[in-house]
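>>> Here is a sequence with its predicted model. Questions after.
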Amino acid sequence: MQPRRCVPLLLRYMEDVAYLRMSPALDSINQKTTELEFSMASEPLVGGLLKVLAASEPGGAFLELGTGTGVATAWLLDGMDSRSTLTSIDTDPAAQQVAHELLGHDRRLSLKLVDGVEFLRSQPAMSFDLIFADAMPGKYEALEDTLALVKVGGFYVIDDLLPQPNWPEGHAAKVPELIEELARNRSFQIMPLNWSSGVVLAVRIAIAN
């Protein structure tokens, strides 16, 4: 087969949503998310990425900052093994109640209605294998406190870095500042992804003395 004729076939197999296996809970979560008119749920591609990263950390301790209605929570749980744990926090009781109703039976999950910054500052250093920061705390607030909680070899993931319709006035200027701050941190290797809603994937590395 000639290279040019291969291109459409290869593009079909490289379609990034084609192989996403979604959690059975997502249909119900998405329905309730629509009913609540909650507009800050994570996109499926981000969910798929989180699922794969969770699967790479057997017995891992995971933290989600911003439960919302539990969309990304469901993706993370779907990638986790039976020994892993996920703590997910939020300050919106109505949104998090959806996650309680549809995911709360999972013993690996701990849902907390608590201020994000207070929670972050109460945790021991290097205590999580993956942190998904999908709220202001952990991303634009208390960033250093959050990064300090990532274990060596662990992941720090943020999304919504490309323009979003729900961004408040002046928010766009914060994004490059955040990415530059992450890039200057010698404890992390980062990869900005111009993909989905805009993602940065960071991995904590060991720093030689």
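Nice, thanks for sending it over.

>>> Where in this protein is the helix or strand with the lowest mean pLDDT?
Counting by mean pLDDT, DSSP states H and E, the weakest-scoring helix or strand in the chain turns out to be helix 3-13, with a mean of 64.

>>> That one: what's the following helix or strand?
helix 26-36 (DSSP states H and E).

>>> Okay, now the unreliable bits of the chain?
Across the chain, the ranges flagged by pLDDT under 70 are 1-12, 208-209.

>>> Could I get the full set of helices for it?
All helices of the chain, identified by DSSP state H, fall at 3-13, 26-36, 44-55, 71-79, 93-103, 116-121, 143-147, 174-184.

>>> what helices or strands is the third one leaning on?
Pointing back at helix 44-55 there. Other elements packing on helix 44-55 under the criterion 3 or more C-beta pairs under 8 Å, 6 or more residues apart in numbering; DSSP states H and E are helix 71-79, strand 128-133, strand 150-158, strand 199-204. Yep, even glycine has a C-beta here, placed from its N, CA and C like the rest.

>>> and that helix, which residues are buried?
44-51, 53-54 (16 or more other C-beta atoms under 10 Å).

>>> Now find how far off-centre that helix is within its chain.
The chain centre lies 8 Å from the centre of helix 44-55; the measure is C-alpha atoms, centre = their mean, to the nearest Å.

>>> That one versus helix 71-79: what angle between them?
40 degrees (axes from the mean of the first three to the mean of the last three C-alpha atoms, to 10 degrees).

>>> Please work out which residues outside helix 44-55 touch it.
Contacting residues not belonging to helix 44-55 are listed as 16-17, 20, 22, 42, 60, 62, 71-72, 74-81, 84, 130, 132, 155, 157, 159, 195-197, 199, 201 [C-beta atoms under 8 Å, 6 or more residues apart in numbering].

>>> Over to the fifth one?
Contacts to helix 93-103, defined as C-beta under 8 Å, 6+ apart, come from residues 25, 28-29, 32-33, 36, 38, 67-70, 73-74, 77, 88, 90, 109, 111, 113.

>>> thought Ala202 was touching Ile190?
Yes: the pair Ala202 and Ile190 passes the contact test of C-beta atoms under 8 Å, sitting 4.4 Å apart.

>>> can you list residues touching both of the two?
Leu182.

>>> So which of these two has more stuff around it?
Per other C-beta atoms under 10 Å, whichever of Ala202 and Ile190 has more neighbours is Ala202, with 22 against 15.
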